[in-house]
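Undergrad: Fold the following, please.
(chains A and B)
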Number of protein chains: 2
Amino acid sequence: MPILDLLKLPSALLVLLFGFQGWSDEGMWTFDNFPSAQVKRKYGFDPSRGWLEHVQLASARLAQGCSGSFVSSSGLVLTNHHCVQRCLEQLSSEKQDRLSGGFYAQQESDELRCPGLEVDQLLQISDVTARVQSATKGLSGAQFHDAQKAAMAQIEKECTTNRDLRCDVITLYQGGRYQLYQQQRFQDVRIVFAPELEAAHFGGELDNFNFPRYNLDAAFLRVYRDGRPARTEHHFAWSTRPASEGELSFVSGNPGHTHRDLTMAQLEYERDVGLPNTLFRLYEERGWLTEFQTRGAEQRRISTARLLRTENSIKGNKGRLAALGDPAFFGSKAVAERAFRAKIDRQPARRRLYGVAWDAVAASVAALKQIRVRYVALEAAQGFQSELFSFARQLVRASEELPKPNPERLREFADSRLPALTHSLFSPAPIYDELEIESLTHSLSRFREDLGPDDPLVRKLFANSAPRELAETVVRGTKLKEVQLRKSLYDAGKKAVDASEDPMIVLAKTIDPDARAVRKQFEDKVEAPEVKSGELIAKARFEIYGTSIYPDATFSARLSYGAIKGFPEGGKEVTPITSFRGAFERATGKEPFILPKKWLDAKPRLDLDIPLNFCSTNDVIGGNSGSPVINKNAEVTGVIFDGNLASLGGDYGYDGRVNRSIAVHSTAILEALEKIYGATRVAAELRPNPRASGR
Amino acid sequence: MPILDLLKLPSALLVLLFGFQGWSDEGMWTFDNFPSAQVKRKYGFDPSRGWLEHVQLASARLAQGCSGSFVSSSGLVLTNHHCVQRCLEQLSSEKQDRLSGGFYAQQESDELRCPGLEVDQLLQISDVTARVQSATKGLSGAQFHDAQKAAMAQIEKECTTNRDLRCDVITLYQGGRYQLYQQQRFQDVRIVFAPELEAAHFGGELDNFNFPRYNLDAAFLRVYRDGRPARTEHHFAWSTRPASEGELSFVSGNPGHTHRDLTMAQLEYERDVGLPNTLFRLYEERGWLTEFQTRGAEQRRISTARLLRTENSIKGNKGRLAALGDPAFFGSKAVAERAFRAKIDRQPARRRLYGVAWDAVAASVAALKQIRVRYVALEAAQGFQSELFSFARQLVRASEELPKPNPERLREFADSRLPALTHSLFSPAPIYDELEIESLTHSLSRFREDLGPDDPLVRKLFANSAPRELAETVVRGTKLKEVQLRKSLYDAGKKAVDASEDPMIVLAKTIDPDARAVRKQFEDKVEAPEVKSGELIAKARFEIYGTSIYPDATFSARLSYGAIKGFPEGGKEVTPITSFRGAFERATGKEPFILPKKWLDAKPRLDLDIPLNFCSTNDVIGGNSGSPVINKNAEVTGVIFDGNLASLGGDYGYDGRVNRSIAVHSTAILEALEKIYGATRVAAELRPNPRASGR
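TA: All right, here's what the predicted structure looks like:
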């Protein structure tokens, strides 16, 4: 399940280098630079400007790391089950487990609000490259970083004319283009339907990133406006025709991050340092979470969604490491870089202008190595894995940042970002002390180990208590579980936060000076030179290879094209479409191959030949989870939930022979809604026949 | 603590390539090729043949992965506390925790036998290169492997003239030399003294592989013969003079494995595949073990020694990965290989003879990649981490192997190996179901994941039960906890094992055909070509660089020389000697900086200026733990327990500027025995004054 791996090291970096796409279906294209002519040549269909606009507006982004699509005029959103697992867990209790048991709102009033979820709809793209680049002209290091941050904050603020708009300046082509994405923002998002975990995650971690597959990793949300279902004029119709091999398919979604255009220095860093260290943390986390689950049913319930995310991240990052650890693949990246640089070096003027960029990137990688351990421990998401700590840090920083002028704040406290910040800060989702203590104990142990016992901050934190004692003290002692307290501290500002003796707030205050210091080093010595060099390399790239190329993924709206098609594996060809029949054949009754009782009961009623999952050549990556697969009539034929094993290397390059995306088929979803779950209200809303639709 | 990491992937491989030692103190020398002239030039002392022989005979190997030394004529053995942790745990119970609380036998009759421990004393080295190489002449693949195995088994059998001898054919220089090591074997090994874990492991994982250090990682064993302390004519005298900077020091021990002479293909494999995957398993193990410890005091007690080993392995392997991930270091290895090969290529005859070897190694690495996952899952130690499973597999295989002629058996079932096998198989050490179940559950989960749900063996094993159910069934159901049952099954042989319905035996039998098949692939397609090529590369090496070079470490007796010396770190010089005073200053009273009550009570009586730990330029690696540090008078001045962080890269190369070994000083041990522990019986045995000695 290629959910966007938000835990991964912020990679900032990313430099455009090489993008030969040949005649494969490679590419995660922006909507304003889609290669319609190319699609027409290969597939005989020419997506028009109007078609593209409709697809863009009917697509959705789940701000927490997924994609989705509008599938009715009343705000119904199709996405993956694994994109709403956290919501289902948050809406559960010891007495009612909606993550494992599923959810269906019999009527509109039963639809439950997902704490913290946000859905965005991309309204408009405008180019702001000149404005951003002129702000940083002639600058470097801290000045470059501050000027760029200020320019972006200003542009976003001007664009955000009301609270329902979300404006983001997106960096494309590693700095070759800056674009302003204006989006409609929905923060009242409710769960409508989700199957049982056993059906959604059938095959579990064992089948994850594999094909053939047989699951129902689909769910429905609804966006609300002013307490009522939002009107969504642009939405996709539902296809009820069975999928067929060779069928032209588009995927509209928000691929998270690719690193196809990194320089060799950056790729070496990823292979030797970045990916292994990310994986070490993830494996250790899987170890303790798995063991934590043995404490009892309730502990299992509250940690399942997190364990699934951890396992998914492990598989994804292992696939990335395997790609970079393949000498043939790694060698091909080196060859490509040399060819590109040779072209530049051939013209002295170009060489003077662009030649320095690669060395600058290498220097920034060297700088990153110097500060990596400290940066990850103090500032990256994995430093202190605790929701309560995260609240505390946000409150401490908000109290310092908000009084500053907008352009001078840390990026996530710019005016345009505050609605997202407060939406998660004031989320009423439950928090479990027991899991918080374990998680923070492990984080603090690693923190102490990574910085070493003689680091002054470590001495201060652990002078009187070992990691577990400290974790227990701050988790048990904090009052930040109360939303109202978080709200009042946020509103009261600096004086109140300074005076607060809440132990979690005190912990965040203790760490903050060091964390800010290393963040500044990262921004000035790593990020700034990388973006500055990235702009240069992108310019060279446009000059030499033209502008008909796609940028690396940045969790922004993209469209890919391809066809339903199998792939070769272990000497034989894997066929691209599975059926309900296959699911029943694969079921052993033992995890992870258990089909829910509802499925077994419904079996006689089901048309077992209906296609369940299919794979296609579309170029996708984590973040594309929940993306609609659509045909040329802009009808939804499926929902992307995964890629195959070969697609994991897709982070660094697309191989059309074997890279495949994996989706749940639209007809299977309808069949399940109607015959397994009796979810007639949702099914009717999807059915093409307008008379059948009447929520 | 550089204990030999027995969990590491069997690396077999190892090809001699490059060994320029310059004028540093590099080298883990065999006793029959010690560079006395070199030592004389640098340090003015010329170790004579007699001196070397005495040192060899006074040194000891702990067969489970450590070193030691004889320090009295009555079989007293000095080693590290961390080398006897497992023994202390095995001699503990819920009521008496000797691992954390320490141990002291007031009188000889209180000395307790360590289950499974074996101490070896190297008596004689003889060269068998011609005999081994002539057996494999003109052969390759399976034939090469089988012929070499048969020759070695035959040579060892001829040498083993009584059960108290242990004969091992040792592969040196990656096959450049084969030598027969005849050793006196002691299997009745008893614990005499061990301090508390807090003193031995002061600073814990945080200070591990760091210097300055302040611990008492020392312990005493005694070897017995026929129920009485063995007479050990050759033993080291005890130095009571304080260590001083610049002092010439020898370390005599059994460094486990170095990989300094790997080819680039092998180093790439280690960096990209071998080390990361080893670390993934270790991190996951740390995760679940840490969490398992929270179940309660008893669970903590039975899993502490294992957790310490896991953490130690993590740090060691991370250090190795950091060395290979350093582009400068990795680049220097590539340059060295190119230079060596260029010398070979300059002479057409040499080129024809040796040039093929590197390609053959690369092909064997490619073959290893093909089978790695299956090999690790089915045959390597980490596949099924369960002591009970390990017994079951040994019994199943013994029943098949022992009826075969000696040369045709799997190597570990050759006649010369049986005393070691039965010593561990019939060990009366306690086994804890709860820990066994957790460990096997995690192993089985990984097994299923690595081979995938569609593997026929996986289908067979997990058709009716998930990993945890299976683990519970076999652990709870087996009778193999009873030593007597293991003995009777071993004696009864194949018919009894075939008929056994013990669930753990059944599990081992189910897996064995697949495990043997992949082992054969490994031996024939990976090991054989690597050894064959290793022989070639070693020959070329001797021709070009001469024979005054040392071989990679292979857990056999080695001697290194050096001096007590500090090292530069973070811009300042670390001084090489610490004292008791420093320990008291570092103690915070919070783990891992807690000094035991006995230390705090004894503080007024202690001479706080006595040197506690020191570091030296001696070239050591995991396996050297417990090695004596001796001066030119062959007096023990310390016991090696660690190396500094820089020494971790010592697996791949020695850097004299920063590589340091770390030892507990002899005078500190004596001071502690006398003034902290009142262990006067042991102290008297060590005291140079013969009148004071009277056990």
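Undergrad: how deep is the closest residue to A:Ser74 other than its chain neighbours tucked in, by neighbour count?
TA: Nearest residue to A:Ser74, sequence neighbours excluded (C-beta to C-beta, 6 or more residues apart in numbering or on different chains): A:Pro229, at 4.4 Å. Backbone N, C-alpha and C define where each C-beta goes, glycine included. When neighbours are counted by other C-beta atoms under 10 Å in any protein chain shown, A:Pro229 registers 20.
Undergrad: now do A:Ser48
TA: For A:Ser48, the count of nearby residues is 10 (other C-beta under 10 Å).
Undergrad: dump the residue contacts of it.
TA: A:Ser36 (C-beta atoms under 8 Å, 6 or more residues apart in numbering or on different chains).
Undergrad: A:Glu233: what's it in contact with?
TA: A:Leu57, A:Ser73.
Undergrad: Surely the residue nearest to A:Ser74 touches A:Ser73?
TA: No. Counting by C-beta atoms under 8 Å, A:Pro229 stays clear of A:Ser73, with 9.2 Å between them.
Undergrad: got the contact list for the residue nearest to A:Ser74?
TA: Per C-beta under 8 Å, 6+ apart, neighbours of A:Pro229: A:Ser74, A:Gly75, A:Glu108, A:Arg222, A:Val223, A:Arg695.
Undergrad: And for the fifth one, nearest residue in space, chain neighbours not counted?
TA: Spatial nearest neighbour of A:Val223, chain neighbours left out: A:Phe186 (3.8 Å); criterion: C-beta to C-beta, 6+ apart.
Undergrad: And A:Glu535, how close does it get to A:Val169?
TA: Distance, A:Glu535 to A:Val169, by C-beta to C-beta, to the nearest Å: 14 Å.
Undergrad: what does A:Arg586 give?
TA: Counting by C-beta to C-beta - A:Arg586 and A:Val169 are separated by 46 Å.
Undergrad: A:Thr637 too?
TA: 34 Å.
Undergrad: These two: who's more crowded?
TA: Ranked by neighbour count (other C-beta under 10 Å), A:Thr637 and A:Val169 place A:Thr637 first, with 28 against 20.
Undergrad: Surely the more buried one is in a strand?
TA: Yes. Under DSSP: H, G, I helix; E, B strand; the rest coil, A:Thr637 sits within a strand.
Undergrad: dump the residue contacts of it.
TA: Contacts of A:Thr637 (C-beta under 8 Å, 6+ apart): A:Ser239, A:Arg241, A:Ala243, A:Glu247, A:Ser249, A:Val629, A:Ile630, A:Asn631, A:Ala663, A:His665, A:Ser666.
Undergrad: The last one is in contact with A:Val636, isn't it?
TA: So that's A:Ser666. Yes. Between A:Ser666 and A:Val636 there is a contact under C-beta under 8 Å: 5.3 Å.
Undergrad: between the two, what contacts are shared?
TA: With C-beta under 8 Å, 6+ apart, A:Ser666 and A:Val636 have common neighbours A:Trp238, A:Ser239.
Undergrad: Looking at these two now, which is surrounded by more residues?
TA: Comparing A:Ser666 with A:Val636 by other C-beta under 10 Å, the one with more neighbours is A:Ser666, at 30 against 25.
Undergrad: residues in contact with the more buried one?
TA: Counted by C-beta under 8 Å, 6+ apart, A:Ser666 has contacts A:Trp238, A:Ser239, A:Thr240, A:Glu635, A:Val636, A:Thr637, A:Gly638, A:Val639.
Undergrad: Could you do A:Asp207 as well?
TA: Contact partners of A:Asp207, counting by C-beta under 8 Å, 6+ apart, are A:Arg213, A:Asn215, A:Pro592, B:Pro453.
Undergrad: how much space is there between it and B:Pro568?
TA: A:Asp207 is 53 Å from B:Pro568, by C-beta to C-beta.
Undergrad: cool, and A:Ile537?
TA: Distance, A:Ile537 to B:Pro568, by C-beta to C-beta: 38 Å.
Undergrad: what about those two, which has more around it?
TA: Comparing A:Ile537 with B:Pro568 by other C-beta under 10 Å, the one with more neighbours is A:Ile537, at 26 against 11.
Undergrad: Now find how far off-centre whatever helix or strand that one lives in is within its chain.
TA: Under the criterion of DSSP states H and E, A:Ile537 resides in helix A:528-545. The chain centre lies 25 Å from the centre of helix A:528-545; the measure is C-alpha atoms, centre = their mean, to the nearest Å.
Undergrad: again, but for stretch A:523-539
TA: 23 Å.
Undergrad: Show me how far stretch A:508-520 is from its chain's centre.
TA: 26 Å.
Undergrad: Can you spell out which helices and strands pack onto the host helix or strand of A:Arg486?
TA: Following DSSP H and E, one finds A:Arg486 within helix A:483-492. Contacts defined by 3 or more C-beta pairs under 8 Å, 6 or more residues apart in numbering or on different chains; DSSP states H and E place helix A:483-492 against helix A:387-401, helix A:418-425, helix A:494-499.
Undergrad: quick one, what contacts the closest residue to chain B within the stretch 301-450 of chain A?
TA: For the stretch 301-450 of chain A, the residue closest to chain B is A:Gly325, as judged by C-beta to the nearest C-beta, at 3.5 Å. By C-beta under 8 Å, 6+ apart, A:Gly325 lies in contact with A:Arg271, B:Asp272, B:Val273, B:Pro276.
Undergrad: One more: A:Leu139?
TA: With the criterion set at C-beta under 8 Å, 6+ apart, A:Leu139 makes contact with A:Ala147.
Undergrad: helix, strand or coil for it?
TA: Three-state call for A:Leu139 (three-state DSSP): coil.
Undergrad: Give me every residue in the stretch 551-695 of chain A lying close to chain B.
TA: For the stretch 551-695 of chain A, the residues in contact with chain B (C-beta under 8 Å from any C-beta of the partner chain) are A:Thr588, A:Lys590, A:Glu591, A:Phe593.
Undergrad: Turn those into TSV, columns for pLDDT, neighbour count and secondary structure.
TA: TSV is the format used below for these (pLDDT from 0 to 100; neighbours: other C-beta atoms under 10 Å in any protein chain shown; DSSP: H, G, I helix; E, B strand; the rest coil):
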residue	pLDDT	neighbour count	secondary structure
A:Thr588	92	16	coil
A:Lys590	90	13	coil
A:Glu591	90	16	coil
A:Phe593	96	20	coil
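Undergrad: Can you pick out the most distant pair from those?
TA: Spanning the widest gap among these are A:Thr588 and A:Glu591, at 9.0 Å by C-beta to C-beta.
Undergrad: Please say whether there is contact between stretch A:88-100 and chain B.
TA: No. If you take C-beta under 8 Å from any C-beta as the test, stretch A:88-100 misses chain B, and the best it gets is 15.6 Å.
Undergrad: Identify each buried residue in that stretch, please.
TA: A:Leu88, A:Glu89, A:Gln90, A:Leu91, A:Ser92, A:Asp97, A:Arg98, A:Leu99, A:Ser100 (16 or more other C-beta atoms under 10 Å in any protein chain shown).
Undergrad: Which helix or strand contains the last one?
TA: Using DSSP H and E, A:Ser100 maps to helix A:98-101.
Undergrad: List the single closest residue to A:Ser59 in space, sequence neighbours excluded.
TA: Nearest residue to A:Ser59 in three dimensions, chain neighbours excluded: A:Ser252, at 4.3 Å (C-beta to C-beta, 6+ apart).
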